[in-house]
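Engineer: coords please:
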Amino acid sequence: MRSSLRGQVDPFIVMDVMEAASRAEAAGRHIIHMEVGQPGTPAPEGARRALAEALSQPLGYTVALGLPALRRGIADLYRRWYGVDLDPARVVVTSGSSGAFILAFSALFDAGDKVAMGFPGYPSYRQILRAMSLEAVGIPTRAEDRYQPRPADLPDAAGLILASPGNPSGTVLTVPELGALTDAAQARGMAVISDEIYHGLSYGDRCHSALEVTDEVVVINSFSKYFSMTGWRVGWMVVPPEMVRTVERLAQNLFICPPHASQVAALAALDCFPEAEANLAVYAGNRRLMLEGLPRAGFDRIAPPEGAFYIYADVSHLTADSVKFAAELLEKAGVAVTPGLDFDPDRGDRTLRFSYARATADIIEGLERLAAFMAAR
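Structural biologist: So this is what the prediction gives:
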């Protein structure tokens, strides 16, 4: 069978690490998971209860843009979090944030277009672009810039992806930074996509949406992180008014609609803020433990983790092969971490990402294992 060049995407390395950790667990080992960006908490109780009550009724197709009540609820979230008065007609419910990226890239770009993003950055941006015959252009960012791109560094491209909080860095863009980057991109004729999937997870100032500085932006978010609904595969995007019909036609044909069951649960989750905030308090405690424990173990070159639940560490003084080093940590310490090559194909062989999304007891044990491994190394 013939195969396409665009189908030859790189592996999502963190998923490979998860598979290796799963094999170790199947062999009887206890593995501490610091590799995957998945909350250790379940979906909110109210979301699970709403779905259970809905199961007695048919759950069929919804309209392509999502349940109207859910779109209104998401619009209300922007008023609550950012003071932005958002027309629900601009909200599109999607099959996870991944579905939103596919719709955004399809609506904005033509085959061969270049799309810029900061390196390090979420690896699936690059692979989705490649699968759609688009070219990813990395902007090498610096630790002193908190691994966020600078307006002066923007290349010639059709689009720019911003991420705040960033993955893997956890760093957050301020309102002036968002304004400067979106202004610079728009002056170059670049469409801007703002990945805000970790909003709600911040440990100082609140996260700011690109919608606070411009309406000429596609904003993408999800119920996966703040609402602990990774496996439910329900996200959303906010698009300029003139894009709604284009995205709707694409959504009708590519996805028909987001999962009805997940939309029912997501709508109920919007009333579960106390539970989500309790989870955030756990992450905040885990973050404090990581900021104390990682440097003691020898991982002391880290980005300031202002949001999300990651710490990105420069380990160039420890290794020049992050994949090999991560495999060694898994084998000898029983701790799964993500090699930086997932996020930066040029410099990621000297970095690691640690997630602190799991239970606090796991974080404590993981740090103890890391310290013991490094002391014996």
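Engineer: At which residues are the helices of this structure located?
Structural biologist: 13-26, 45-54, 68-82, 96-108, 123-131, 175-187, 244-254, 260-269, 273-297, 322-328, 360-376 (DSSP state H).
Engineer: just so I know, which of the ones you listed lies nearest residue 353?
Structural biologist: Closest to residue 353 of the helices of the chain is helix 13-26 (Cβ to Cβ; 8.1 Å). No exception for glycine: its C-beta is placed from N, CA and C like everyone else's.
Engineer: looking only at pLDDT, what's the mean for that closest one?
Structural biologist: Mean pLDDT, computed over helix 13-26, is 90.
Engineer: centre of the chain versus it, how much separation?
Structural biologist: Distance, stretch centre to chain centre, for helix 13-26: 20 Å (Cα atoms, centre = their mean, to the nearest Å).
Engineer: CA-only coordinates of the lowest-mean-pLDDT helix or strand in the chain in PDB, if you can.
Structural biologist: Taking mean pLDDT, DSSP states H and E as the measure, helix 13-26 is the helix or strand of the chain with the lowest mean score, a mean of 90. What follows is helix 13-26, C-alpha atoms only, in PDB (Å, rounded to 0.1, in the frame of the first residue of the first chain):
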ATOM      1  CA  ILE A  13       7.300  11.100  22.500                       C
ATOM      2  CA  VAL A  14       5.400  11.500  25.800                       C
ATOM      3  CA  MET A  15       3.000   8.800  24.600                       C
ATOM      4  CA  ASP A  16       6.000   6.500  23.900                       C
ATOM      5  CA  VAL A  17       7.100   7.200  27.500                       C
ATOM      6  CA  MET A  18       3.700   6.400  28.800                       C
ATOM      7  CA  GLU A  19       3.800   3.100  26.900                       C
ATOM      8  CA  ALA A  20       7.200   2.200  28.300                       C
ATOM      9  CA  ALA A  21       5.900   3.100  31.800                       C
ATOM     10  CA  SER A  22       2.800   1.000  31.200                       C
ATOM     11  CA  ARG A  23       5.000  -2.000  30.300                       C
ATOM     12  CA  ALA A  24       7.000  -1.500  33.500                       C
ATOM     13  CA  GLU A  25       3.800  -1.400  35.500                       C
ATOM     14  CA  ALA A  26       2.500  -4.600  33.800                       C
END
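Engineer: Which strands and helices lie in contact with it?
Structural biologist: Counting contacts by 3 or more Cβ pairs under 8 Å, 6 or more residues apart in numbering; DSSP states H and E, helix 13-26 packs against helix 322-328, strand 335-336, strand 338-339.
Engineer: coming back round to it: include distance to residue 339 and mean neighbour count when you put the helices of the chain into JSON lines, please.
Structural biologist: As requested, the helices of the chain are exported to JSON lines (distance: least, Cβ to Cβ, whole Å; neighbours: other Cβ atoms under 10 Å):
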{"stretch": "helix 13-26", "distance to residue 339": "6", "mean neighbour count": "16"}
{"stretch": "helix 45-54", "distance to residue 339": "33", "mean neighbour count": "16"}
{"stretch": "helix 68-82", "distance to residue 339": "33", "mean neighbour count": "18"}
{"stretch": "helix 96-108", "distance to residue 339": "21", "mean neighbour count": "22"}
{"stretch": "helix 123-131", "distance to residue 339": "11", "mean neighbour count": "20"}
{"stretch": "helix 175-187", "distance to residue 339": "28", "mean neighbour count": "18"}
{"stretch": "helix 244-254", "distance to residue 339": "32", "mean neighbour count": "16"}
{"stretch": "helix 260-269", "distance to residue 339": "31", "mean neighbour count": "24"}
{"stretch": "helix 273-297", "distance to residue 339": "16", "mean neighbour count": "16"}
{"stretch": "helix 322-328", "distance to residue 339": "4", "mean neighbour count": "19"}
{"stretch": "helix 360-376", "distance to residue 339": "15", "mean neighbour count": "17"}
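Engineer: so which of these comes closest to residue 148?
Structural biologist: When those are compared by Cβ to Cβ, helix 175-187 sits nearest residue 148, at 6.9 Å.
Engineer: counting contacts, what elements does that closest one pack onto?
Structural biologist: Using 3+ Cβ pairs under 8 Å, 6+ apart, helix 175-187 sits against strand 159-163, strand 191-195.
Engineer: pretty sure residue 228 contacts residue 279?
Structural biologist: Yes. The criterion here is Cβ atoms under 8 Å, and residue 228 meets it with residue 279 at 6.1 Å.
Engineer: overlap in contacts of the two?
Structural biologist: 39, 41 (Cβ atoms under 8 Å, 6 or more residues apart in numbering).
Engineer: quick one on the thing from earlier: would TSV of the helices and strands packed on helix 175-187 with mean pLDDT, mean neighbour count and distance to residue 333 be doable?
Structural biologist: Below are those laid out as TSV (pLDDT from 0 to 100; neighbours: other Cβ atoms under 10 Å; distance: least, Cβ to Cβ, whole Å):
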stretch	mean pLDDT	mean neighbour count	distance to residue 333
strand 159-163	98	26	29
strand 191-195	98	25	31
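Engineer: wait, which of those is closest to residue 82?
Structural biologist: Per Cβ to Cβ, nearest to residue 82 of those: strand 191-195, 12.0 Å.
Engineer: Tell me the helices and strands packed up against that closest one.
Structural biologist: helix 96-108, strand 159-163, helix 175-187, strand 218-222.
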